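**Q** Kindly generate the corresponding structure for this input.
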Amino acid sequence: MPPETASAAEAAPRNEHSRGRRVGSWQEHHRWSAAASLRRLAARPLGSLLTIAVMGLALALPLAFYLLLGNVQKLGDALGQSQAISVFMQPGQNAQQAQLLARQLGARPEVASVSIKTPQQGMDELAKMQGFSGALQTLDSNPLPYVLQLQPRAELSAGAVTQLVADVRGMRSVDMVQDSGSWRQRLDALLAVGNRAVLVLASLLTLAALLVVGNTVRVDIASRSEEIGVLLLVGASGAFVRRPYLYAGIWYGLFSGMLAALLAVLIELALAGPVAQLSQAYDGKLQVGGLPLWLLLAVPLAAAALGWLGARLVSAWQLRKAV
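**A** Just a heads-up that it's a prediction; the model follows:
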């Protein structure tokens, strides 16, 4: 074997061994940094708990508003999310005329479905309402007309629904048209404003949590400036020096995210009783839900990433000043 080939063959195992030692050392330092940063948090419990509490409350507020808006949306669903249009026929119209009008309206491309409510069905609904049963017994005949329930197609715009209502009002056998979609449009507009407000609030509170972590890490680095200076003098890299502080940011974010998820669950439990009573008032039609499980599990992970980012930005800036 030529000398060059032999030396290359001998150098390859040494390089692999050296690379393996570097990887092992890198992994060992990560484990040490994670454990050391956690011990530092435990060494000052009051300050750590205050930081975690502030971040947890900041992250829990958007969750609470998101929960509130979601349930308001479901309340709108229970009260009639669809833009249902009630068409009251003129008095004296019979079932055949009601069916004819229903076929005419169902043939329109804007209408998804049409249902007919007979006068007897309307009378039965009134009889179930408190205070009406006695008054209805005094009537000699049923004065209620046939009512057609129109369901516009979901993709219709507000202008198209308004035009549909105007066209139906102009029909000969129609006495009155009641559009329940106008209040729904106002509710949707309010919910859109609320969703945008929650998004802005979540952004501001996320920035606040980022600043809290950054300031905590900055104070920690400043208190260990001499130790960091010695490490830099003996040749430690910037990544080596700031690694424990990055893990500190991760721990802060993870624990605060867990606290935020716990607070959101506690809010749900606190509202469970009143919400159950409200659902009973609507005959069980109001289905109120809580935050999805995936969101509760994602909050701690996202908060940990947020803590890492805050620690990364501040530690990089502080180390540049120390160099």
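
**Q** Can you give me the pLDDT of the residue nearest to the spatial centre of the chain?
**A** Residue closest to the average C-alpha location in the chain (Cα atoms, centre = their mean): residue 66, at 5.0 Å. pLDDT, residue 66: 82.

**Q** before we move on, which element is it in?
**A** helix 45-80 (DSSP states H and E).

**Q** For that helix, which residues meet the burial criterion?
**A** For helix 45-80, the buried set under the neighbour-count rule, 16 or more other Cβ atoms under 10 Å, comprises 48, 51-52, 54-67, 69-71, 74-76, 78. Yep, even glycine has a C-beta here, placed from its N, CA and C like the rest.

**Q** any idea how far the residue nearest to the residue nearest to the centre of the chain when sequence neighbours are not counted is from residue 275?
**A** Residue nearest to residue 66 in three dimensions, not counting chain neighbours: residue 198, with 5.9 Å by Cβ to Cβ, 6 or more residues apart in numbering. Applying Cβ to Cβ, to the nearest Å, one obtains 20 Å for the distance of residue 198 from residue 275.

**Q** Three-state assignment for the closest residue to residue 168 other than its chain neighbours, please.
**A** Sequence neighbours aside, residue 177 is the residue nearest to residue 168 in space, at 5.2 Å (criterion: Cβ to Cβ, 6+ apart). Of the three states, residue 177 takes strand under DSSP: H, G, I helix; E, B strand; the rest coil.

**Q** residues in contact with residue 177?
**A** 85-88, 165, 168-169 (Cβ atoms under 8 Å, 6 or more residues apart in numbering).

**Q** Same list (those) but as a markdown table, adding distance to residue 259 and neighbour count.
**A** Below are the contacts of residue 177 laid out as a markdown table (distance: Cβ to Cβ, whole Å; neighbours: other Cβ atoms under 10 Å):
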| residue | distance to residue 259 | neighbour count |
| --- | --- | --- |
| 85 | 48 | 22 |
| 86 | 49 | 14 |
| 87 | 54 | 28 |
| 88 | 55 | 18 |
| 165 | 50 | 20 |
| 168 | 55 | 20 |
| 169 | 56 | 13 |
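
**Q** so which of those comes closest to residue 240?
**A** residue 85 (69.7 Å; Cβ to Cβ).

**Q** Can you read off the pLDDT for the closest one?
**A** At residue 85, pLDDT is 85.

**Q** what sits against it?
**A** Contacts of residue 85 by Cβ under 8 Å, 6+ apart are 149-152, 161, 164-165, 168, 177-181.
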